[in-house]
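> starting from these lines, generate the structure:
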Amino acid sequence: MRYSKEFFDLQIRFAQTVAALIDIPIEKALLDYTNIYVRFALGRAFDQHHPIWRCYTDGLRKSVDLCDWTYRFYLARTEVPKTQSKLATVGCFSYAMQDARCVRIHFENIEPATTSPLGIDRLPVRLAELRSLFDHMRHNHQEATCVAGTSWLYNLRAYQRCVPDGYVASAKVAESRFRNMPLWGQFLDRHGAVRVGAAEYFMQQLSYAADFQDLVCGFPLQALAVEAPIEQFYCFYAV
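Now for the predicted structure:
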């Protein structure tokens, strides 16, 4: 997926507000409080001395338009091969192993544009996909003991009904997720464009922010961290 310029603009505006409120350089705010480093396909080390990141920040200092320079840099990086961590994909769901014992589930909307992937009419399809996915896990990762996830999606009842109640009940706000898509993904549609309503609300909240906590609360939805024994899933999907 190619992300829109507006998605980067939104993050840059947030980084600029963070930099002003807590008095840090814009380069540090972009590294620590946006998803831009990951979008440049630089991995997750968040190394301020990475030569490609240094190239970006050097250009940033010379640029009169931070948003334009950032997006041009991103477009130049879109041809870089991405590391594939998914072990299996069924419909809208996939999974990867966090470690030998912990599974992480991922969701991607692949439905036609006219169909809501989490609508009640599509729930049987989603459950069938997850049943197949967990059947694959049971046969291929017998050492797995738990399932964990972090996403803004766990705020939605439509997503919650796809997974066991015990998993949903474990939800806690995942703090300091500013570098990650589980927080920023709420602003995107399936095509990588920004959701106008969510973005406008966020920008309005930024304009009112008087301290860092106001910035945190400005996100329409918080990223929630969840975790439960994998046996709950095997039971829930009857696999």
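> domain assignment for this structure?
As recorded under automatic domain parsing, the domains making up the chain are 5-82+175-217, 88-173+224-237.
> pretty sure residue 144 is in a helix, no?
No - using DSSP: H, G, I helix; E, B strand; the rest coil, the assignment for residue 144 is coil, not a helix.
> go ahead and confirm it touches residue 134.
No - taking CB atoms under 8 Å as the contact criterion, residue 144 and residue 134 are not neighbours in contact, 9.9 Å apart. Just so you know, the C-beta spots here come from the backbone N, C-alpha and C atoms, and that holds for glycine as well.
> overlap in contacts of the two?
Common contacts of residue 144 and residue 134 (CB atoms under 8 Å, 6 or more residues apart in numbering): residue 230.
> what would the domains of the chain look like in CSV with mean pLDDT and mean neighbour count?
Below are the domains of the chain laid out as CSV (pLDDT from 0 to 100; neighbours: other CB atoms under 10 Å):
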stretch, mean pLDDT, mean neighbour count
domain 5-82+175-217, 95, 16
domain 88-173+224-237, 96, 16
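> just the strands in this structure please.
In the chain, the segments counted as strands under DSSP state E are 88-90, 93-97, 102-107, 146-151, 172-173, 224-229.
> got CSV for those, with distance to residue 35 too?
Formatted as CSV, the strands of the chain follow (distance: least, CB to CB, whole Å):
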stretch, distance to residue 35
strand 88-90, 22
strand 93-97, 18
strand 102-107, 15
strand 146-151, 13
strand 172-173, 18
strand 224-229, 17
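> ok, which of the ones you listed comes nearest residue 68?
Residue 68 sits nearest to strand 146-151 of all these, at 30.5 Å, using CB to CB.
> can you verify my assumption that residue 86 contacts residue 103?
No - Residue 86 is beyond contact range of residue 103, at 11.5 Å (criterion: CB under 8 Å).
> residue 63: which of the strands of the chain is closest?
Nearest to residue 63 among these is strand 146-151 (32.9 Å), distances taken as CB to CB.
> partner strands of the closest one and their direction?
With DSSP bridges as the test, strand 146-151 is paired with strand 102-107 (parallel), strand 224-229 (antiparallel).
> would CSV of those strands with distance to residue 1 be doable?
Compiled in CSV, those are given as follows (distance: least, CB to CB, whole Å):
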stretch, distance to residue 1
strand 102-107, 13
strand 224-229, 23
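> those strands: which one's closest to residue 192?
strand 102-107 (15.5 Å).
> what does that closest one contact?
Against strand 102-107 from outside (CB under 8 Å, 6+ apart): 86, 92-98, 130, 133, 137, 141, 144-149, 151, 153, 159, 163, 230.
> same deal with stretch 26-34?
Outside stretch 26-34, the residues that touch it by CB under 8 Å, 6+ apart are 11-12, 14-16, 18-19, 36-37, 46, 48, 53, 57, 60, 66, 178-179, 184.
> need the CA coordinates for that stretch. PDB is fine.
Extracted in PDB, the C-alpha atoms of stretch 26-34 (Å, rounded to 0.1, in the frame of the first residue of the first chain):
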ATOM      1  CA  ILE A  26      11.900  18.400  15.400                       C
ATOM      2  CA  GLU A  27      14.200  15.600  14.300                       C
ATOM      3  CA  LYS A  28      13.800  13.900  17.600                       C
ATOM      4  CA  ALA A  29      10.000  14.500  17.600                       C
ATOM      5  CA  LEU A  30       9.800  12.900  14.200                       C
ATOM      6  CA  LEU A  31      11.800   9.900  15.300                       C
ATOM      7  CA  ASP A  32      10.100   9.300  18.600                       C
ATOM      8  CA  TYR A  33       6.500  10.400  18.000                       C
ATOM      9  CA  THR A  34       5.700   9.400  14.500                       C
END
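> perfect, I'm done here.
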